[in-house]
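Colleague: Sequence below, structure please.
(2 chains)
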Amino acid sequence: MVNADTNPKLKALNAFLTNWRQNIIYIGFIAIFVIFALTLNDRGFLNLNNLLNIVRQTTMIAVMAVAMTFVLSAGEIDLSVGAVAGLASVTVAMAISVAGPFGGIIAGLATGIAIGVFNGWLTTKIGIPSFLTTLAMMGIAKGIAMWVSDTSAVPILSQGYAWWFGGGSIGHVPVLLFWMLIFGAIGHVVLRRTSFGRRVLATGGGEQAASYSGINTARIKFRVLVLSSTAAAIAGMLYAGRLQSGRFQLGEGDELSVIAAAVLGGTSLFGGKGTVIGTIVGALMIGLINNGLILMGLEFSQQLIARGGIIILAVALSQKRS
Amino acid sequence: MSTVAVRMRGISKHFGGVKALDNVDFEVFAGEVHALLGGNGAGKSTILKVLNGVHVPTAGTIEVAGVPLTTHTPAASRAAGIAMNYQEMSLIPTLTVAQNVFLTRETLSGGLINDKEAERKASELFRMLEVDIDPASIVGDLGAGQKQLTEIVKAISHDARVLVLDEPSTALAVSDVNRLFTFLRKLKSQGVAIIYVSHRMDEIARIADRATILRDGKNVTTAHIADLPIGTMIEHIVGKRSLGLADVERKDVIRGDIALELRNVCGRDKPQDISLTIHKGEVVGLAGLLGSGRTSLAKLIAGIEPITSGEIRINDRPVNIRRPSDAIAAGVALVPEARATEGIIPAHSVADNATLAVLDDLSNAGFVDANKLRQTTDAQIKRLSIKTASRNHAVSTLSGGNQQKVVIGKWLATDPDVFVLDEPTAGIDIGSKSEIIQMVRDLAASGKAILMISSELSELLTACDRIIVMADGRVYDDIPHADLEDPAEVNSNAAHRLQVAEQRLQIAIQEALTAGQEVSNGQR
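Modeller: Reported below is the predicted structural model:
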């Protein structure tokens, strides 16, 4: 312990362990990984292919969860992300068939931005809490997606689009891994190191104090909601590329996994506290748990129960007790 | 020394028919600490809000360093160099000290925020202030004093020409106050004008160069501090105030048995070692400044904050109060300070609010008996003459005074022996004030024991039979009402007698403050 004061590495380790509650997500991730590696090795858990599969299944959640970290940090919530992803997968697929890949990408992004602007406008100008705005938008987006696609899958025939958006891989490494890394890196820097990120955290940490300090908190809330819908649309485009089709069911129910990933990672539901790296690890942890439970041969019903239990345990352990 | 930093001329501010400020002249020089004094409602916070752009004056002009201020917005005032500390209002609890100090003016390197550099700059500022705060620590983890100092550092780091400090020392320990003063003198020598609002006259005598005293929205005097001994200051502050309270009847009450007794009661932080007794039929006042521990004491008795040691006895029996329901069962009722959040549920009806504390008594097998609910509510509406369109109207539609009556009615329904009232007339117009005070007297006459907290001394003097003076979490004085009256003045009119008593009580509060600081000095 004497060394802890002088050796910077030991000092960092010491701080890490004394703040173990804050870092429970990383400890838990490693612990679960080791447990699965030991118990499920004979079922192929450590196979490179299996591990990359976890990445493939997690990227869309991670992309949405990075933006959700901003929304939660600003003290708001976005429940419409799953439905927006589904709608964007449909609009991108339909637009590609008439206007080619670039037209598709623009249509997909426009879908996300338009819904985000509408969410933000309702929340900041009309004053409807984002919980209600986005809950309503969840139904509206899904309804539009079902309507325009006539509830059937819209195929995507562009191989180039499919490669870039979710289907391709470089050697063994799926393109999706790069999407996750790029989103994580940009999100981390923006939240931690830009004045926009600082204003987001300030708005959620104390709205009154933030506005006394000269921050336009309504504008910040508007922007994080637009950010969230846009990220959801990109996730939908990745779904569409991976499955080479747009379907309204894509992304269904993802909002819960997305919020769980952010909260598991250490982002506060009450605003003011957020970490993008934690969110990425939280998303990977959910993917890891899903994968492990399937390899264990659990039935879907049992998977649901086990997953819920693990999430409750992780969040409960991270709570500070007074 | 004689450059004028702020010149406010003929400032008036009307709210509806109420003149909060009436043709006030106020001048502050660069490089001076200028104390702004006055009782509650004298207009101090209004003139400060006019200065920092929150209020637009009805009439008058403002010049900052010779330049007229034409637009009245917080941004315009800030741009003119006026900085104000908002009593912990502008700190984000989840960010670090350095991040808070430089919020919206972050130190960038290569377009990205450089927190290390911000921490270095913040620690430089703190070194200047000789305050030991780690710029990397999270504001939510700081003590009240450290938060206050962080707030001030944030305010002055904007290169302020004029610094407004509204009761900056309230949350500070004595050693922190000394550091603050050292720092203010340093700022002063750099030509910053400091407007200092405080109720602590000893502090003002130590730090201020000049003082302006407001009363009833008018500037009573502006003078050098040397020409204002504490007695004169108090005389100016109290003045010959128009009294709406003089019509409250003060019949002599019959003191019954002891209803509430505290023996060496301590809370977690404040209050410390409180012993007191209140008899049935008696109204006891708690006087003291903000931070003296009055509200904490009320919360201890009502079971909202835990008792760490000591004993509470009600009707000569020890009671164990650990949560509000224990206190209610023991016969204690608290009318809390924050009426809108702690007293009423604004969107609910008068009936729902008035019966909230006795729902179980009005219920059969878990179902609320609508008839009993109506009867109980109507009885309270009648007894307290609550003015409401109906029992089913939301409490938020009532005036402040009538809302407070609903709170009192809610507790009357539980038939308590002890009433604790924390600032019962805050935010209530003067007519309803005397009605509430009269109600307090009547409650006592019906045999209740009453502990009443108020920052308005004239109100305490009108309502109470005895006044306990607190400072720094302790009881310093216990003065019967008669001792505050001047025997030579018995025959003069009620308003004048009240004025004399108020001056004596003011002096007692200031003395307790000095004594309290000596005690905490001795402990350090």
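Colleague: what is the mean pLDDT for stretch B:8-16?
Modeller: Here stretch B:8-16 scores 89 as its mean pLDDT.
Colleague: And that stretch, what's buried?
Modeller: Neighbour-count burial for stretch B:8-16, counted by 16 or more other CB atoms under 10 Å in any protein chain shown, picks out B:8, B:11-13. For the C-beta atoms, the positions are set from N, CA and C on the backbone; glycine is no exception.
Colleague: Restricting to C-alpha, output it in CSV.
Modeller: These are the backbone C-alpha positions of stretch B:8-16, laid out as CSV (Å, rounded to 0.1, in the frame of the first residue of the first chain):
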residue,chain,number,x,y,z
MET,B,8,-28.8,53.7,-9.8
ARG,B,9,-31.0,56.7,-9.9
GLY,B,10,-34.7,57.0,-9.0
ILE,B,11,-35.3,53.3,-9.3
SER,B,12,-38.9,52.3,-8.9
LYS,B,13,-40.4,48.8,-9.3
HIS,B,14,-44.1,48.1,-9.0
PHE,B,15,-45.6,44.6,-8.9
GLY,B,16,-49.2,45.3,-9.7
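Colleague: Helices along chain A, start to end?
Modeller: A:2-6, A:8-18, A:24-39, A:48-73, A:81-121, A:130-149, A:159-162, A:175-193, A:195-205, A:207-212, A:217-243, A:254-264, A:276-295, A:300-318 (DSSP state H).
Colleague: near chain B, which residues of chain A show up?
Modeller: Within chain A, the positions adjacent to chain B are A:189, A:192-195, A:197-199, A:201-202, A:204-206, A:208-210, A:212-215, A:268, A:271-273 by CB under 8 Å from any CB of the partner chain.
Colleague: Those, buried ones only, as a PyMOL selection?
Modeller: What follows is the PyMOL syntax for the buried subset of the residues of chain A next to chain B, where burial is set by 16+ other CB under 10 Å:
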select buried, chain A and resi 192+193+194+195+197+198+199+201+202+204+205+206+209+210+213+215+268+271+272+273
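Colleague: State the mean pLDDT of the one helix or strand B:Ala122 maps to.
Modeller: Secondary structure from DSSP states H and E places B:Ala122 in helix B:115-129. Rounded to a whole number, the mean pLDDT of helix B:115-129 is 86.
Colleague: Off-centre distance for it?
Modeller: Its chain's average C-alpha position is 33 Å from that of helix B:115-129, according to CA atoms, centre = their mean, to the nearest Å.
Colleague: Beyond that helix, next helix or strand please.
Modeller: Later in the chain than helix B:115-129, the nearest helix or strand by DSSP H and E is helix B:144-156.
Colleague: For that next one, output the C-alpha coordinates as CSV.
Modeller: Output of helix B:144-156 as CSV, limited to C-alpha atoms (Å, rounded to 0.1, in the frame of the first residue of the first chain):
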residue,chain,number,x,y,z
ALA,B,144,-22.0,23.6,1.9
GLY,B,145,-19.1,26.0,2.6
GLN,B,146,-17.0,24.7,-0.2
LYS,B,147,-19.9,24.9,-2.6
GLN,B,148,-20.4,28.6,-1.6
LEU,B,149,-16.8,29.4,-2.2
THR,B,150,-16.8,27.6,-5.5
GLU,B,151,-19.8,29.7,-6.4
ILE,B,152,-18.1,32.9,-5.6
VAL,B,153,-14.9,31.9,-7.5
LYS,B,154,-17.1,31.1,-10.5
ALA,B,155,-18.7,34.5,-10.2
ILE,B,156,-15.5,36.4,-10.0
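Colleague: who's in contact with that helix?
Modeller: B:83-88, B:90-91, B:97, B:100-101, B:103, B:122, B:125-126, B:129, B:131, B:133, B:139, B:142, B:163, B:165, B:168, B:170-173, B:176, B:179-180, B:183, B:187, B:192 (CB atoms under 8 Å, 6 or more residues apart in numbering or on different chains).
Colleague: okay, and for the chain, where does confidence drop off?
Modeller: Reading this off chain A. Counting by pLDDT under 70, the ranges of chain A that qualify are A:1-6, A:17-18, A:319-322.
Colleague: my bad, chain B
Modeller: Residue ranges of chain B with pLDDT under 70: B:1-2, B:86-89, B:129, B:171, B:240-253, B:430-431, B:489-492, B:520-524.
Colleague: Get me the contact residues on it for chain A.
Modeller: Counting by CB under 8 Å from any CB, chain B sits next to chain A at B:75, B:78, B:86, B:89-95, B:99, B:103-104, B:106, B:108, B:111-113.
Colleague: In ChimeraX, select just the buried ones from these.
Modeller: A single ChimeraX command is used to select the members of those judged buried by 16+ other CB under 10 Å:
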select /B:78,86,90,91,92,93,94,95,99,103,106,112,113
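Colleague: host element of B:Tyr196?
Modeller: Applying DSSP H and E, one finds B:Tyr196 within strand B:193-197.
Colleague: List the contacts of that strand.
Modeller: B:5-6, B:28-37, B:44, B:48, B:51, B:161-168, B:184, B:187-188, B:204, B:207-208.
Colleague: quick one: which of these sit in helices?
Modeller: Reading helices off the contacts of strand B:193-197 with DSSP H, I get B:44, B:48, B:51, B:184, B:187-188, B:204, B:207.
Colleague: out of those, which one sits closest to B:Glu261?
Modeller: Comparing those against B:Glu261 with CB to CB places B:Ile204 closest, at 37.5 Å.
Colleague: circling back: can you spell out which helices and strands pack onto the helix holding B:Ala122?
Modeller: Packing partners of helix B:115-129 (3 or more CB pairs under 8 Å, 6 or more residues apart in numbering or on different chains; DSSP states H and E): helix B:97-101, helix B:144-156, helix B:174-189.
Colleague: So A:Val276 is in contact with A:Leu181, correct?
Modeller: No. When contacts are counted by CB atoms under 8 Å, A:Val276 is not listed as touching A:Leu181 (11.7 Å).
Colleague: between the two, who's got more neighbours?
Modeller: Set A:Val276 next to A:Leu181 and count neighbours by other CB atoms under 10 Å in any protein chain shown: A:Val276 wins out with 28 against 14.
Colleague: can you tell me the residue of the stretch 51-200 of chain B closest to chain A?
Modeller: Closest residue of the stretch 51-200 of chain B to chain A, CB to the nearest CB: B:Thr94 (3.4 Å).
Colleague: In what element of secondary structure is that residue found?
Modeller: Assigned by DSSP H and E, B:Thr94 falls within no helix or strand.
Colleague: Spatially nearest residue to the residue nearest to the spatial centre of chain A (excluding sequence neighbours)?
Modeller: The centre of chain A sits closest to A:Ala65, judged by CA atoms, centre = their mean, with a distance of 1.8 Å. Setting aside the residues directly before and after it, A:Ala65 is nearest to A:Ala261 in space (CB to CB, 6 or more residues apart in numbering or on different chains), at 4.1 Å.
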